[in-house]
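Asks: Pasted the sequence and its predicted model underneath.
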Amino acid sequence: MAVGKSLKGYLLLDSGQLSGSFFARTVILICRHDEDGAFGLVLNRPTGTRVGEVLLADLPDSLRELPLYLGGPVEPTTMCYLHSDVLLPDADVMPNLSLGMSLEKLVELGESFSPEKKVKFFAGYSGWAPGQLEDEIRRKAWLTHPASLDVVFDEDTENLWARVLRKKGWRYRLLSQIPDNPSLN
């Protein structure tokens, strides 16, 4: 993906240069990217908490029991969610995937009987000022890869970074196999 184009609907992957930072081995879905900057959600940082433990709202158990992910280091007390369905005409992240922040909309989703609907919750988000993400990509801190609903809703988040890297091809296979602590190699 060329720098300067919108990365909305793409994944950002730690290129191996972010060791020791919050973003080490992260897979981030870019939800917005324009002249005002970028907004994304880390897909592979579960908090170990269920949504119902932190969100005091009248939601069905199916939503209350879902895991809560740490979307990024910015505003960790803010909650948002990604939701998908077979046909989501107002999808705003990628086909059939939308970003939600409204509790009212969330209650509507909870009342929906669609067997195909999926929801993933996040506390906090990842954000970049105008030009910041482009600069980080130029410095090769991030790799990009097209997103898919399978990756967004993948429940095996522990190995997600390595699996997406392997999908990028043979050049990234070695990077995907480097241990968290290279001294253990």
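Replies: Looks like it came in fine.

Asks: what about the chain, any weak spots by pLDDT?
Replies: Where the chain drops to pLDDT under 70, the residues are 1-4, 174-177, 179-185.

Asks: which one is residue 47 nearest to, not counting chain neighbours?
Replies: Ranked by Cβ to Cβ, 6 or more residues apart in numbering and with sequence neighbours excluded, the top spatial neighbour of residue 47 is residue 68, at 4.8 Å. Backbone N, C-alpha and C define where each C-beta goes, glycine included.

Asks: Hmm, I typed the wrong one, I wanted residue 80.
Replies: Using Cβ to Cβ, 6+ apart and skipping the chain neighbours, the partner closest in space to residue 80 is residue 101 (4.7 Å).

Asks: Now tell me what touches the helix or strand encompassing the residue nearest to residue 47 from outside.
Replies: Per DSSP states H and E: residue 68 is located in strand 67-70. The list of residues contacting strand 67-70 from outside it, by Cβ atoms under 8 Å, 6 or more residues apart in numbering, reads 41-51, 53-54, 76, 79, 120-124, 157.

Asks: quick one: buried residues of the helix or strand following that strand?
Replies: Using DSSP H and E, the helix or strand that directly follows strand 67-70 along the chain is strand 74-84. Using 16 or more other Cβ atoms under 10 Å as the test for burial, strand 74-84 gives 79, 80, 81, 82, 83, 84.

Asks: And the strands in the protein?
Replies: Assigned by DSSP state E, the chain shows strands spanning 10-14, 27-34, 37-42, 46-50, 67-70, 74-84, 97-100, 118-128, 142-146.

Asks: could I get the ones you listed as TSV with distance to residue 178?
Replies: Below are those laid out as TSV (distance: least, Cβ to Cβ, whole Å):
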stretch	distance to residue 178
strand 10-14	11
strand 27-34	16
strand 37-42	20
strand 46-50	22
strand 67-70	23
strand 74-84	28
strand 97-100	30
strand 118-128	23
strand 142-146	14
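
Asks: Which among these is found nearest to residue 59?
Replies: Comparing those by their distance to residue 59 (Cβ to Cβ), the top pick is strand 118-128, with 10.0 Å.

Asks: same for the closest one, what does it pack against?
Replies: strand 37-42, strand 67-70, strand 74-84 (3 or more Cβ pairs under 8 Å, 6 or more residues apart in numbering; DSSP states H and E).

Asks: any idea how far it is from the chain center?
Replies: Strand 118-128 has its C-alpha centroid displaced from the chain centroid by 6 Å (Cα atoms, centre = their mean, to the nearest Å).

Asks: which outside residues touch stretch 102-114?
Replies: Residues outside stretch 102-114 that contact it (Cβ under 8 Å, 6+ apart) are 57-60, 62-63, 81, 83, 85-86, 100, 117, 119.

Asks: Many thanks, have a good one.
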